[in-house]
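Visitor: pasting the structure only:
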């Protein structure tokens, strides 16, 4: 039950963002924005490609959850993904990364589309409405972005993996690609019903990754979902199903596997 233990520990964590001690690269900046759907204010982290200022081109956008853990060791719960360090090494990076900070004790509420009898939650649709109706228009009007679904990705791990997958199924006209790391499909069987009854896009791309040492149901749940997607007509070329032997439910696993997911999602 390692995953459940991790989830409960995460609930007690309140992030401390000491920007003067940041490990984030110079390509990373932050701003705050009202999230009326959630009756709160959200801190947003933005990674711009190194060549952004010296070009006039428009870029793909990746929306990611749990921004505290993406770029900065000092704001992270248990280590950072080092996304900026990886992207800084690329000679040609075509993507802007938008990280959305989780709501600390409200993280479960925000990142779950369904209510769990023990853990509660269920405000995922409001969170997605914030991204679609408030944040994305702000990003598209501020930065040079490619706004169509083909160039818009949603990406997350654990509950963020669950919510990212849900978003791609519910809103394929917005999110054409999704990165699904260690998805918490155990949270509700309704996620399978959603896929069974959904009209799936023929162009949506799904990158799944899970470790064998995360939880007793994680691997089987992911395999079940991949099988269901293929049964619904999603082509093999649009699904990547990665299982990491010995992988545990932590930032180390997600950080190590982000480069491969990024390369596959963008056909590099």
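Guide: Structure's in. What do you need? Computed from a predicted structure; not experimentally measured.

Visitor: For stretch 248-261, list every residue counted as buried.
Guide: 248, 249, 250, 251, 253, 254, 255, 257, 258, 259, 261 (16 or more other Cβ atoms under 10 Å). All C-beta spots, glycine's among them, are computed from the backbone N, C-alpha and C.

Visitor: Give me the pLDDT value at the residue lying farthest from the centre of the chain.
Guide: Outermost residue of the chain with respect to the C-alpha centroid, by Cα atoms, centre = their mean, is residue 54; its distance is 28.2 Å. Residue 54 carries a pLDDT score of 92 in this model.

Visitor: Doesn't it belong to a strand?
Guide: No - in this structure, residue 54 is coil, not part of a strand, as judged by DSSP: H, G, I helix; E, B strand; the rest coil.

Visitor: List the residues that contact the closest residue to residue 251 other than its chain neighbours.
Guide: Spatial nearest neighbour of residue 251, excluding adjacent residues (Cβ to Cβ, 6 or more residues apart in numbering): residue 79 at 4.1 Å. Shown in contact with residue 79 (Cβ atoms under 8 Å, 6 or more residues apart in numbering): 69, 73, 250, 251, 252, 255.

Visitor: Arrange the residues you listed in JSON lines, one row each, with pLDDT and distance to residue 228 as further columns.
Guide: As requested, the contacts of residue 79 are arranged in JSON lines below (pLDDT from 0 to 100; distance: Cβ to Cβ, whole Å):
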{"residue": "69", "pLDDT": "93", "distance to residue 228": "29"}
{"residue": "73", "pLDDT": "78", "distance to residue 228": "37"}
{"residue": "250", "pLDDT": "94", "distance to residue 228": "27"}
{"residue": "251", "pLDDT": "94", "distance to residue 228": "28"}
{"residue": "252", "pLDDT": "95", "distance to residue 228": "29"}
{"residue": "255", "pLDDT": "96", "distance to residue 228": "28"}
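
Visitor: Just flag the most distant two among the residues you listed.
Guide: Greatest spatial distance among the contacts of residue 79 (Cβ to Cβ): 73 and 250, at 13.8 Å.

Visitor: How much space separates the nearest residue to residue 188 once chain neighbours are set aside from residue 220?
Guide: Excluding the flanking residues, the one nearest residue 188 by Cβ to Cβ, 6+ apart is residue 114, at 3.8 Å. Separation of residue 114 from residue 220 (Cβ to Cβ, to the nearest Å): 19 Å.

Visitor: How about residue 39?
Guide: Counting by Cβ to Cβ - residue 39 and residue 220 are separated by 37 Å.

Visitor: Test for you: state the pLDDT assigned to residue 157.
Guide: Looking at residue 157, its pLDDT is 97.

Visitor: Count the neighbours of residue 203 for me.
Guide: By other Cβ atoms under 10 Å, 13 other residues sit near residue 203.

Visitor: which residues does it contact?
Guide: Residues near residue 203 by Cβ under 8 Å, 6+ apart: 149, 150, 176, 238.

Visitor: Now the buried members of those.
Guide: Among the contacts of residue 203, those scoring as buried are 149, 176, 238 (criterion: 16+ other Cβ under 10 Å).

Visitor: Using a markdown table, please lay out these together with distance to residue 161 and secondary structure.
Guide: Shown next, in a markdown table, are these (distance: Cβ to Cβ, whole Å; DSSP: H, G, I helix; E, B strand; the rest coil):
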| residue | distance to residue 161 | secondary structure |
| --- | --- | --- |
| 149 | 19 | helix |
| 176 | 17 | coil |
| 238 | 17 | helix |
